[in-house]
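Peer 1: curious how this folds, go ahead:
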Amino acid sequence: MKRIVILASGNGSNFEAIVRAINKNGWPLRVEALITDNPKAGAVRRAKRLRVPFEIFDYKIFPDKLSFNKALHERLTELNPDLIVLAGYMRILPPFIVERFRGKIVNIHPALLPAFPGLDAIGRAYRAGCKVTGITIHFVDEGIDSGPIIEQVALRIRDGETLESLEKRIHRLEHNTYPFVIKKLLLGDK
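Peer 2: Coordinates of the predicted model:
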């Protein structure tokens, strides 16, 4: 049984898609914990509903960024997962966490990297008038959305499409792709 820890800060739709895909397909994977930095994250409500253990590392209770990151590092080291999955985690992992878990941290980004790294990737691609965008799943390194690419899936932006409809289609693509890439990373093509 391969073990996963998921880090999320927001709504948690990718977190839920991963858990549901594991359960539905009977993959020998287990989400050991959801860790969030946001006590109000929708991901917490989803974890409760899905009966996944969760831990809140409320950034505001730590005196500084270093102490927060040291506590997170300690907990991740204790859990020792086979894979750390970022699913809307809105903090940059410090180099000492990246180094400790190099090659074992993945992220999903709603654009075809290297285009539009960082925040508001969907909106920036839309406002730039791109005809094609998509998603990228990549290993995490010390940069912002700069790690080695694992998989990309392109999505054509429809003529007259609204930003809202594009966001929905990107999220659907994420939900349908991310779990299977995680499965392939941990289990191969079984």
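Peer 1: any regions of this structure where pLDDT drops low?
Peer 2: By pLDDT under 70, the weakly predicted segments of the chain are 190.
Peer 1: which helix is the longest one in it?
Peer 2: Counting by DSSP state H, the longest helix found in the chain is helix 163-187.
Peer 1: name the helices or strands packed onto that helix?
Peer 2: Under the contact criterion of 3 or more Cβ pairs under 8 Å, 6 or more residues apart in numbering; DSSP states H and E, helix 163-187 touches strand 2-8, helix 13-25, strand 29-36, strand 83-86, strand 105-109, helix 121-127, strand 132-139, strand 149-156. C-beta coordinates here come from the backbone N, C-alpha and C atoms, glycine included.
Peer 1: make JSON lines from those and add mean neighbour count to it.
Peer 2: Formatted as JSON lines, the helices and strands packed on helix 163-187 follow (neighbours: other Cβ atoms under 10 Å):
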{"stretch": "strand 2-8", "mean neighbour count": "22"}
{"stretch": "helix 13-25", "mean neighbour count": "19"}
{"stretch": "strand 29-36", "mean neighbour count": "22"}
{"stretch": "strand 83-86", "mean neighbour count": "22"}
{"stretch": "strand 105-109", "mean neighbour count": "23"}
{"stretch": "helix 121-127", "mean neighbour count": "18"}
{"stretch": "strand 132-139", "mean neighbour count": "20"}
{"stretch": "strand 149-156", "mean neighbour count": "14"}
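Peer 1: coming back round to it: buried set for the longest helix of the chain?
Peer 2: 166, 169-171, 173-175, 177-179, 181-183, 185-186 (16 or more other Cβ atoms under 10 Å).
Peer 1: for E55, see how far away I135 is.
Peer 2: Distance of I135 to E55, given as Cβ to Cβ, to the nearest Å: 27 Å.
Peer 1: nearest to L93, out of the helices and strands packed on helix 163-187?
Peer 2: strand 105-109 (6.9 Å; Cβ to Cβ).
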